[in-house]
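> Predicted model follows, preceded by the sequence.
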Amino acid sequence: MAGEEIEGRDSAGAQDLGVPEISRSAVKEMANTSLPLEVGSVMLGEDGHIRHASGDRPLHFRFTACGVDFEADLASKTAPLRLRANLGKLPYSAESPEARRLARTVIASTDRLRRGHILLTPEQDIVLEGELNPPSPRTPVAVIATAVSLILDFKPYLEIGGEAVALRRAAPAGKPADKASGAPTEA
């Protein structure tokens, strides 16, 4: 009986229950949104409440995977997910010829990848770039799964590139390396 009374109440009755008008309108607005909720279909309003997002808004987020900081972008509801990561500087030949050679080999070998590549910028930064279209509907799970799929494509290259960075940081002859960081220790 009590449940029937609550279901049958109008907005004035909801006010009696202590539900603010703004909450009722946000819930009502979300109830009219089709499921599943796609990324970008909801937003946080200026008042701090969840709102339905009309229009096509870009999505940007950052995350860390395989020890690398990634930036991800979806420019629109139909655009591919684009990942980008700065993997560090190309080692100098004077620091480690082996590390420089290994890094250049990794960069050259990513030309065979379908969904991205690792390139060298004019500033000598090693940058990973990849893109892939998430499946529809573009739910948060689908977008994250797409990002993981791209990272798995790059994982072998990230591991080998990590070796190049480790070689770059190797201790010079005669100085023991710090076991935790691989950096030379002071004697």
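Thanks, I have the structure now. Numbers count the residues shown, from 1 in each chain.
> Report the contact partners of S76.
Taking Cβ atoms under 8 Å, 6 or more residues apart in numbering, we find S76 in contact with D56, P58. The way it works is simple: take the backbone N, C-alpha and C, and place the C-beta from them, glycine included.
> Would you agree L158 is in contact with F70?
No - contact criterion Cβ atoms under 8 Å: L158 and F70 do not qualify, at 10.6 Å.
> which residues do the two both contact?
Shared contacts of L158 and F70 (Cβ under 8 Å, 6+ apart): I151.
> tell me which helix or strand of this protein sits lowest on mean pLDDT?
Every helix and strand of the chain was ranked by mean pLDDT, DSSP states H and E. The lowest is helix 2-8, at a mean of 44.
> Give me the helices and strands touching the longest helix along the chain, please.
The residue-count maximum for a helix in the chain (DSSP state H) belongs to helix 140-168. Applying 3 or more Cβ pairs under 8 Å, 6 or more residues apart in numbering; DSSP states H and E, we find helix 140-168 packed against strand 59-65, strand 68-74, strand 81-89, helix 97-109, strand 116-120, strand 125-132.
> What residues sit buried inside that helix?
For helix 140-168, the neighbour count (16 or more other Cβ atoms under 10 Å) marks 142-144, 146-147, 150-151, 153-154, 157-158, 161-162, 164-165, 167-168 as buried.
> Next up, the contacts around the nearest residue to T146 once chain neighbours are set aside.
Nearest residue to T146, sequence neighbours excluded (Cβ to Cβ, 6 or more residues apart in numbering): P134, at 4.1 Å. The contact partners of P134, by Cβ under 8 Å, 6+ apart, come to L74, P80, L81, A142, V143, A145, T146.
> Can you lay out these as a markdown table showing distance to G130?
Converted to a markdown table, these look like this (distance: Cβ to Cβ, whole Å):
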| residue | distance to G130 |
| --- | --- |
| L74 | 13 |
| P80 | 9 |
| L81 | 9 |
| A142 | 17 |
| V143 | 14 |
| A145 | 14 |
| T146 | 10 |
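> Please render the residues you listed as JSON lines that adds distance to R115 and pLDDT to the earlier fields.
Listed next are the contacts of P134 as JSON lines, based on distance: Cβ to Cβ, whole Å; pLDDT from 0 to 100:
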{"residue": "L74", "distance to R115": "15", "pLDDT": "91"}
{"residue": "P80", "distance to R115": "9", "pLDDT": "95"}
{"residue": "L81", "distance to R115": "10", "pLDDT": "96"}
{"residue": "A142", "distance to R115": "16", "pLDDT": "93"}
{"residue": "V143", "distance to R115": "15", "pLDDT": "93"}
{"residue": "A145", "distance to R115": "14", "pLDDT": "95"}
{"residue": "T146", "distance to R115": "10", "pLDDT": "95"}
